[in-house]
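Student: mind folding the following:
(one chain, ligands or ions: 3)
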Amino acid sequence: MLKCTFCGRRAVYNRRYAGVLLCDRCLLKSVERRFRRAMAKHRMITPGKRVAVAVSGGKDSVVLTRMLTEYCKLKNCELVAITIDEGIKGYREAGLPIARENAKSLGVEHVVASFKRAFGATLDQMVELAKRRKTGLKPCTYCGVTRRSLLNQAARELGADKLATAHNLDDEVQAIMLNYVRADFSRLHRLGPTYPPREGFVPRIKPLREIPEKEVALYALLRGLRVHLGVCPYAGGIHGEIRDFLNRLEANHPNSKFMILRMFDRMKPHLAKVTPEFETRGCENCGEPTSTNICKSCDLLRGLGLERKQKMLISGEFR
Ligand code: SF4
Ligand code: ZN
Ligand code: ZN
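Tutor: Ligands and ions are numbered 1, 2, ... in the order given. This is a model prediction of the structure:
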C-alpha cells in the first residue's frame, strides 16, 4: 500500500510535480488551502461584497461554488450563481439542472441567462446560420464572445462587485499558450488571477487558477459532489491540440504547467507596459462596454442577421 507523505494513511493521489503522495484527507485540505491562499494573496473578495459565480454544472464550477459558499459566509459576502444557457442540444440541457440543484442545496441564489432570450437564437442555431452564410467562423468564437458579454451583463445587473469563474490551472495555461500561438497580445495581457476594474466590466477573479484540473476532479469525487461530465459537441480544434500537447509535456516533465504559469505571471507586469490601454464606451447597439462603436458580440450577431436586445435580463426574463 502506498502511503500519504504527510500522515501515512492510504494514498489516493500522486502529486508528481511536487514529489508527494496524498491521502483523501490531505488532498482535500491542500486543495482548499490553495483556494484560500489565492483568495487572500490577490485580495479577490473583501468583506461585505456581492459576488457572482459562473456555474455550468461541470466539476470546476460546482467545486468553486461550494468553496465560495463557505468563504462568503466567513467574509459576510452575498453569493449569486449565474448559468449561461447557450442552447447546445444534449449538452447544456444536461448541465443546467445540476447547476440549479447544486445552488439550491447550498442555499445560493441562482439565475439563468439564455442566448435564445438575449440574442434571439441558440448557439446551435447560430452555428447553422454561420454555415449557411459561410462566415468561416467556428462555434467557439460565437460562443466565447457572446457568453463573456452576457455573463458580464448578468453580473452587473445583479449588482455583483466581483465575478468568479472556475478556470483551473490547465485552463489558464491553455489560454496562455493559445494566445502565444495566435500572437494575441491584448488577450494575453488580460489573463491572470484578477483583472483590474474598468467602466462597465465586473472585475473577474479566478480562485482555482493554481489548482490542476485533475485535483479539482478528485476533489469533486471525494466530496461526493454531483457534476455534469458531458463534453461540448463543438469542443476540439486548436484548443484540444494545445490541451493534449500540455498534458504530454506534463507527463514527461512534471511541473511544466506550473512553470508556464509562473513565467507568465512574472512577465505580466512587463506586458502591461507595452500593451496600449483603450478607452471603453457603450456599444451603439446594446450599450455594453467596448473599445469600438459596436461591440464584438453585436458585430458577430449582425453577421448572422441577428440583433442583441438593448434592455433585458434581471426582472422576468432572467428567472
Ligand atoms: Fe462554447 Fe466552444 Fe466551450 Fe462548446 S467548447 S461551450 S462551443 S466555447
Ligand atoms: Zn494524508
Ligand atoms: Zn453591442
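Student: how about the strands in the protein?
Tutor: Using DSSP state E, the strands of the chain run over 13-15, 20-22, 50-54, 78-85, 109-114, 162-164, 204-205, 281-282, 289-290.
Student: low-confidence ranges in the stretch 201-319 of the chain?
Tutor: Counting by pLDDT under 70, the stretch 201-319 of the chain contains low-confidence ranges at 276, 310-319.
Student: nearest to ligand 1, of the strands of the chain?
Tutor: In terms of C-beta to the nearest ligand atom, the element of the strands of the chain nearest to ligand 1 is strand 78-85, at 9.3 Å. Bear in mind the C-beta positions are built from the backbone N, C-alpha and C, glycine included.
Student: next, the angle strand 50-54 makes with that closest one.
Tutor: In terms of direction (axes from the mean of the first three to the mean of the last three C-alpha atoms, to 10 degrees), strand 78-85 departs from strand 50-54 by 30 degrees.
Student: what residues does strand 78-85 touch?
Tutor: Residues outside strand 78-85 that contact it (C-beta atoms under 8 Å, 6 or more residues apart in numbering) are 49-57, 65, 68-69, 72, 92, 95-96, 99-100, 102-103, 108-116, 147, 150-151, 154-155, 158, 160.
Student: among those, which ones are buried?
Tutor: Buried subset of those (neighbour count, 16 or more other C-beta atoms under 10 Å): 49-57, 65, 68-69, 72, 92, 95-96, 99-100, 102-103, 108, 110-115, 147, 150-151, 154-155, 158, 160.
Student: give me the nearest residue to Tyr142, chain neighbours excluded.
Tutor: Counting by C-beta to C-beta, 6 or more residues apart in numbering, the nearest residue to Tyr142 once its immediate chain neighbours are dropped is Met126, at 4.9 Å.
Student: what sits against the one you found?
Tutor: Each residue near Met126 by C-beta under 8 Å, 6+ apart is listed here: 115, 119, 139, 142, 304, 306.
Student: now, which of these sits nearest Pro269?
Tutor: Distance to Pro269, by C-beta to C-beta, is smallest for Tyr142 among the contacts of Met126, at 33.1 Å.
Student: contacts only, for that closest one.
Tutor: Contact analysis of Tyr142 by C-beta under 8 Å, 6+ apart lists 123, 126-127, 130, 300, 304.
Student: number of nearby residues for Asn231?
Tutor: Careful, residue 231 is Val; it's not Asn. 10 (other C-beta atoms under 10 Å).
Student: next one: stretch 178-185, is it in contact with ligand 1?
Tutor: No - applying C-beta under 6 Å from any ligand atom, one finds stretch 178-185 out of contact with ligand 1, separated by at least 12.0 Å.
Student: and that stretch, how far from the chain's centre?
Tutor: 19 Å (C-alpha atoms, centre = their mean, to the nearest Å).
Student: who touches it?
Tutor: With C-beta under 8 Å, 6+ apart as the test, stretch 178-185 has contacts from 187-188, 191, 238-239, 242, 271, 274-275.
Student: and with 7 Å instead?
Tutor: Stretch 178-185 is contacted from outside by 187-188, 238-239, 242, 275, using C-beta atoms under 7 Å, 6 or more residues apart in numbering.
Student: neighbour count and distance to ligand 3 added to the residues you listed, as CSV?
Tutor: CSV is the format used below for those (neighbours: other C-beta atoms under 10 Å; distance: C-beta to the ion, whole Å):
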residue, neighbour count, distance to ligand 3
Arg187, 13, 19
Leu188, 21, 24
Ile238, 14, 26
His239, 17, 25
Ile242, 18, 29
Thr275, 13, 23
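Student: now, which of the residues you listed sits nearest ligand 2?
Tutor: Of all the contacts of stretch 178-185, Ile242 has the smallest distance to ligand 2: 33.6 Å, by C-beta to the ion.
Student: gap between that closest one and ligand 1?
Tutor: Ile242 is 13 Å from ligand 1, where distance means C-beta to the nearest ligand atom, to the nearest Å.
Student: residues from the stretch 201-319 of the chain in reach of ligand 3?
Tutor: Within the stretch 201-319 of the chain, the residues that sit near ligand 3 (C-beta under 5 Å from the ion) are 283, 285-286, 288, 295, 298.
Student: any idea how far ligand 1 is from whatever residue of the stretch 151-300 of the chain ends up closest to ligand 2?
Tutor: Across the stretch 151-300 of the chain, the shortest distance to ligand 2 (C-beta to the ion) belongs to Leu222, at 12.2 Å. Computed as C-beta to the nearest ligand atom, the Leu222 to ligand 1 distance reads 26 Å.
Student: start the count at 49 instead of 1 going forward.
Tutor: Done: numbering now begins at 49, and the last item shifts to Leu270.
Student: contacting residues for that residue?
Tutor: 72, 75-76.
Student: which members of the residues you listed are positioned in helices?
Tutor: If you go by DSSP state H, these have 72, 75-76 in helices.
Student: just those now: which is nearest Asp218?
Tutor: Leu75 (16.9 Å).
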